[in-house]
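1. sequence first, then the predicted structure:
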Amino acid sequence: MSKYIIKRLIYVAFVFFILSIILFGMYKLVPGDPAKMMVDQELAAKDPAKFEQAYQNARKTLGFDKPVYVQYCKWMGKMLTGNFGYSSIYRKDVAEVVKLPLLNTAKLNILNLILVFAITIPLGITTAIKRYSVYDNTVQVLTVIGISLPSFIIALVCIYFFAIKTPIFFISGMATAGADFHGIRLFWDKLHHMLLPLLVMTLFSLASITRYVRGAMIDVLRMDFIRTARAKGLREKVVIYSHAFRNALIPVVTIFTWWFVGIFGGSIIIEQIFLYNGMGQIMIQSLRNQDFALCLTMNMFYIILALAGNLIMDLSYLLVDPRVKLS
Amino acid sequence: MKKILACILVLTLLLSITACQKDEETPPVNSGESKVGENEGNNEGNNEDNDEDVNKGPSGSITLGSTTELSGDFFTSMWGNNAQDALVKDLIHGYGTIGFQRETAAYGVDTTVVKDLKAIKNNDGTKTFEIEINNDLTYCDGTQIKAKDYVFSILFMSHPEVADMGADTSNYIDFVGYDEFNERPEDSEEGQVSEVFTGVRLLGDYKFSVVVKAEKLPYFYDEVLASVSPTPIKVLAPNADVKDEGDGAKITGEFTTEILEKTISDTDTGYRYNPKVTCGPYMLDKMDQTTKIAILKANPNYKGDYNGQKPQIAQIVIKKVNAATQIDELVAGDVDILSKVGGKDGILPGLDAVDNGSIQCATFPRCGYGKITFICDIGPTQFIKVRQAIAHCLDVPEFARQYSGGYASTVNGAYGVAQWMYKDNAAKIGKEFNKYALNIAKAEELLIEDGWTLNEKGNEFVKGTDTIRHKMVDGELMPLLIKHLATTNNPVSDLLSTMLPANMESIGMSYEQTAVEFPVLLDNLYGDVPERIYNMMNLATGFSPVYDPFYSYNTEDRYMGISNCNYIRDDELMSCAKKMRETEPSDKEGYSEKWYNFQKRWNEVLPDVPLYSDEYHAFFSKKLKNYDADSFWTFRYAILYANVEE
């Protein structure tokens, strides 16, 4: 087991370096000059000399005055020591820029993950058991609608009904502006602001995962060992939850792991609509403004997460299915 | 099991309902509670009913909504100038020697700050501004402001140690001695060529002077160059001092990047993110980085603006709003003011809410315009008549109407209708300038006059048979192909691609649009691409009260792309711009006349087609009274004269 993990970690390191070179190269090829984005463009029309001076300073700050391979080595060297570079749009260290949004996104996504799995697993199981019943058909129709609707449509509809027509939630934001709340009041205020995006995210995710769990359960329920268990006279609940569901867990573990890995990713659309200060917003802003240090750091972070997720997923299979052997 | 599940469900439901109840007692927190200081300012414009409240000092709270997010960088523009951060900076930092004044629509000496300002012309062509500040200025914590704080500001903003922190230290590049003070030898890691900034002198506790370089003069706006604001030396460099031993000002004591990193860049306590010792009308109470909301409180020690006006609103909250839902937020009371809304998608829902009586609004013209920028040294657009022909192919008033929903006007030069120079010359412009109305026949005539009379084989262009006109340029046939670089998700780009091609193609022009992200468009505009191939681009521009287009139309190669983004080489246009800037500051009439000549030439050579000049709307809740802003007298100024009636 430990030998396997070490082997996988070496593989992770190798892939990490290869991808870092590819990504760094790609960002260097992207048209645009982040140093120029750092300089007040109006200055060029007012005083070209000042503009040029500011531009050269920006290039120096970003390290663009060095050859590309030096830039890569410096960047990677710093990355490995925890220095993720300097954000050209936020004008501070990347680590400082991503700290809070990362936490915000994680909070929202963990709640979403709990809600989604708390709803979809029972729903998927019951629809699989009551296959082709009115209940199952209703859920199927609703999930098809859910899958077909883009998240921004769900968001706008929810805002209209729950924040404008019936104002029980806030239209956007993460806290009441100007409020001086403390303690439990502050907690409720933040949670209150989080509920509408949470509702939208949950609604958006329900359909696909419900169908996924249902499909996995149906496959397992068709297996011979289920028939055998029933023939042995075991109670239906034992058959379903102890025998069937445990076997349906492998595909569920796959999506759960990927979802868990994705809790730091953030949703560009949801965060933009609800003005939620999360990683999705940061990602899109950094891309739009060619803040390559920030983009690269986030991409590398997601690469590590993905590679770690892969490893965790393989190890999780061991836990849910003893038949799985690592090699 | 079922019972347990049912209980859990009921509990969850109850919790959700409790959480979802919108708190009726939700703030505005502190509204009406803050009674800070005495208001002795000039309250002209406020009705008598307000007098009692005004005398009690600032009260109430307003929330400003903006589609730009605060980043929380509130010191100077040296580390960038996000529009919302800039607003906070303007509100919390103050006592600049020169400030914008509404009565003249120009910058002038702020007599609340400056006791005396002498402008002395020196024999070597330089100009010295000797400034004596009043001795009763204080920061918000009560610390007295002295000349040292002003001199430190200049030294700090030009210092190589500060440049090492990623800051733009070019603000005082126009002062004598800047280059020696700012630049350090190539082989040196620390220190600079000169420790002394020779053009900056500390002349006493309340007196200092600055010397402007000869090559920058004469300059119509030269007084603006003497604009300095104080920076608290004791906060930024506690163990440093400013001294002048007769040859210029210098910083002594401990002033290193390491120290400054702590006092400035620390994300919790650094002056960039948490400037607590400031001297503007407001002071920063809190910036919540999680929610990106800033809370400002009225500064009790603020002496007033140039009129002596002090803030009447105790608290300003600044938060981001979505363009799509900003009016809903205003109606719902989540924000109290949207200070600059443009485009029909923002204006029309706002006006509906005004009609419903739930909010109020004010309008003002934008000082700038949306435009087609021609690249005047590539392909067909290098020829004036082609540019004019393209302008005649577009129904600009209809374009402006469709884009803005009727809330925009059109202009015929590089000006905004809010500029005093335009107001002075409006009648003449109306009579004498070419309006470039939609006129396909005229456009065709211009092309023929310009020699676009051949087809792709070099034979005569036959309308109806041939599609693209050609012209013999330097012995080669040049096709009349206009390459338009547009930005994605931009209604202006979409509208142009609808309104232009058919008209252009009907007279033998070929139109080709490429849509890219804005930074890529900028790269093409500034020439940061291996080969420039596009003939026109759509973007927008705005004008500040300092209108100096000299570099924008400078014909020297070194300015191409950097400031002259039209790549236009018209000596007459540049000469007109030069004459404007070299007008003596006292000769306002002369400047106005030169401005007219410049605009007339611009109207002929047509570097841009101005498409629309927005009519901005400020939408605000009914509790906000006496808010009277315009394109120059922006929120930062107007809010001092406004008050809140709950």
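-> Arrived safely, thanks for sending. Numbering: from 1, shown residues only, chains lettered A, B, ... in the order given.
2. for chain A, which spans come out with low pLDDT?
-> A:42, A:322-327 (pLDDT under 70).
3. what residues of stretch B:547-560 count as buried?
-> For stretch B:547-560, burial by neighbour count (16 or more other Cβ atoms under 10 Å in any protein chain shown) applies to B:547-554, B:559-560. The way it works is simple: take the backbone N, C-alpha and C, and place the C-beta from them, glycine included.
4. pull the residues that contact that stretch.
-> A:44-48, B:220-221, B:377, B:414-415, B:419, B:421, B:527, B:563-571, B:573-574, B:577-578, B:580-581, B:595, B:598, B:602, B:607 (Cβ atoms under 8 Å, 6 or more residues apart in numbering or on different chains).
5. helix or strand for residue B:482, just tell me which one.
-> Assigned by DSSP states H and E, residue B:482 falls within strand B:481-487.
6. CA atoms only for that strand, dumped as PDB, please.
-> Extracted C-alpha coordinates of strand B:481-487, given in PDB (Å, rounded to 0.1, in the frame of the first residue of the first chain):
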ATOM      1  CA  LEU B 481     -11.100  46.300 -47.300                       C
ATOM      2  CA  ILE B 482     -11.900  47.700 -43.800                       C
ATOM      3  CA  LYS B 483     -10.800  45.400 -41.000                       C
ATOM      4  CA  HIS B 484     -12.700  46.200 -37.800                       C
ATOM      5  CA  LEU B 485     -11.400  44.900 -34.500                       C
ATOM      6  CA  ALA B 486     -14.200  44.700 -32.000                       C
ATOM      7  CA  THR B 487     -14.600  43.500 -28.500                       C
END
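7. which neighbouring elements make contact with that strand?
-> Secondary-structure packing of strand B:481-487 (3 or more Cβ pairs under 8 Å, 6 or more residues apart in numbering or on different chains; DSSP states H and E): helix B:491-499, strand B:510-516, helix B:518-526, strand B:536-542.
8. so how far is that strand off the chain centroid?
-> 27 Å (Cα atoms, centre = their mean, to the nearest Å).
9. which positions in that strand come out as buried?
-> For strand B:481-487, by 16+ other Cβ under 10 Å, it's B:482-487.
10. again with stretch B:208-227
-> B:208-213, B:216-217, B:219-227.
11. stretch A:202-209 too?
-> A:202-207, A:209.
12. and those residues, which two are furthest apart?
-> The largest distance within the buried residues of stretch A:202-209, taken as Cβ to Cβ, falls between A:203 and A:209 and amounts to 11.8 Å.
13. returning to what we had before: tell me which of the buried residues of stretch B:547-560 fall in helices.
-> Under the assignment DSSP state H, the buried residues of stretch B:547-560 contribute nothing to helices.
14. could you dump those residues to a markdown table with pLDDT?
-> Below are the buried residues of stretch B:547-560 laid out as a markdown table (pLDDT from 0 to 100):
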| residue | pLDDT |
| --- | --- |
| B:547 | 92 |
| B:548 | 92 |
| B:549 | 93 |
| B:550 | 93 |
| B:551 | 91 |
| B:552 | 93 |
| B:553 | 95 |
| B:554 | 94 |
| B:559 | 90 |
| B:560 | 92 |
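15. all strands of the stretch 101-250 of chain A, in order?
-> Assigned by DSSP state E, counting those that start in this stretch, the stretch 101-250 of chain A shows no strands.
16. ugh, typo on my part, it should be the stretch 151-300 of chain B
-> Using DSSP E, counting those that start in this stretch, strands in the stretch 151-300 of chain B cover B:200-202, B:207-212, B:240-244, B:249-253, B:282-288, B:293-298.
17. tell me the secondary structure for residue B:131?
-> Residue B:131 falls in the strand class when you classify it by DSSP: H, G, I helix; E, B strand; the rest coil.
18. also residue B:90?
-> Residue B:90 ends up helix, using three-state DSSP.
19. now residue B:562
-> Going by three-state DSSP: residue B:562 is coil.
20. closest one to residue B:290 among the helices and strands packed on strand B:481-487?
-> helix B:518-526 (28.2 Å).
21. can you tell me which helices and strands that closest one packs against?
-> Using 3+ Cβ pairs under 8 Å, 6+ apart: helix B:518-526 touches helix A:34-38, strand B:481-487, strand B:536-542.
22. how far off strand B:481-487 does the last one point, in degrees?
-> So the one you mean is strand B:536-542. 40 degrees (axes from the mean of the first three to the mean of the last three Cα atoms, to 10 degrees).
23. downstream of strand B:536-542, the next helix or strand is which one?
-> Counting by DSSP H and E, what follows strand B:536-542 is helix B:571-581.
24. and the stretch 101-250 of chain A, which residues reach chain B?
-> Residues of the stretch 101-250 of chain A found near chain B (Cβ under 8 Å from any Cβ of the partner chain) are A:103-104, A:156, A:159, A:163-164, A:167-181, A:188-189, A:191-192, A:195.
25. how about the helices in the stretch 51-200 of chain B?
-> For the stretch 51-200 of chain B, the helices defined by DSSP state H, counting those that start in this stretch occupy B:83-92, B:147-156, B:160-163, B:178-182.
26. for the ones you listed, which one ends up most surrounded?
-> The highest average neighbour count among those, using mean count of other Cβ atoms under 10 Å in any protein chain shown, belongs to helix B:147-156 at a mean of 25.
27. angle of that helix against strand B:207-212?
-> Going by the same axes, to 10 degrees, helix B:147-156 makes 30 degrees with strand B:207-212.
28. is helix B:147-156 positioned near chain A?
-> No: judged by Cβ under 8 Å from any Cβ, helix B:147-156 stays clear of chain A, getting no closer than 14.6 Å.
29. by contact count, what packs against that helix?
-> strand B:127-133, strand B:200-202, strand B:207-212, helix B:233-236, strand B:240-244, strand B:249-253.
30. so which bits of the lengthiest helix in chain A are buried?
-> Ranked by residue count, the top helix of chain A under DSSP H comes out as helix A:183-221. Judged by neighbour count (16+ other Cβ under 10 Å), helix A:183-221 contains these buried residues: A:189-190, A:192-207, A:209-214, A:216-218, A:220-221.
31. give me the nearest residue to the residue of the stretch 101-250 of chain A found nearest chain B, chain neighbours excluded.
-> Proximity of the stretch 101-250 of chain A to chain B (Cβ to the nearest Cβ) peaks at residue A:178, 3.7 Å away. Spatial nearest neighbour of residue A:178, chain neighbours left out: residue B:317 (3.7 Å); criterion: Cβ to Cβ, 6 or more residues apart in numbering or on different chains.
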